[in-house]
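*Asks:* coords please:
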Amino acid sequence: MTAQQQSNPLQATAVTPQSTNGIRADAMLEVRNLKMRIPLRKGLLRRVVGQVKAVDGVNLFIRPGETLGLVGESGC
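*Replies:* Here you go, the predicted model:
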């Protein structure tokens, strides 16, 4: 394969069916704008002194037959 061929990948368009409530009808799982904050606690009374953004604005769409793998910080 030449460099010219690699720079022009095939492009495909897909038709995505819509249901009446705006959610894609072909989705097994759809997540929009996922946000997760982890509170930072400190002191004897474990007061919340801040937060860490674990996830911010993630969108996810999984169709039937697709596979999703999630790996945490420990590798599990």
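*Asks:* ranges for the helices of this protein?
*Replies:* For the chain, the helices defined by DSSP state H occupy 3-6.
*Asks:* what about it, any weak spots by pLDDT?
*Replies:* 1-25, 76 (pLDDT under 70).
*Asks:* ranges for the strands of this structure?
*Replies:* 29-42, 47-62 (DSSP state E).
*Asks:* distance check, K42 against A54.
*Replies:* As judged by CB to CB, to the nearest Å, K42 and A54 stand 18 Å apart. Backbone N, C-alpha and C define where each C-beta goes, glycine included.
*Asks:* adding mean neighbour count, write the strands of the chain out as CSV.
*Replies:* Converted to CSV, those look like this (neighbours: other CB atoms under 10 Å):
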stretch, mean neighbour count
strand 29-42, 11
strand 47-62, 10
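*Asks:* tell me who's in contact with the nearest residue to E30 once chain neighbours are set aside.
*Replies:* Closest residue in space to E30, ignoring its immediate chain neighbours: F61 at 5.2 Å, by CB to CB, 6 or more residues apart in numbering. Applying CB atoms under 8 Å, 6 or more residues apart in numbering to F61 gives the contacts 24, 27, 29-31.
*Asks:* find the nearest non-adjacent residue to L68, please.
*Replies:* That would be I62: by CB to CB, 6+ apart, it lies 5.6 Å from L68.
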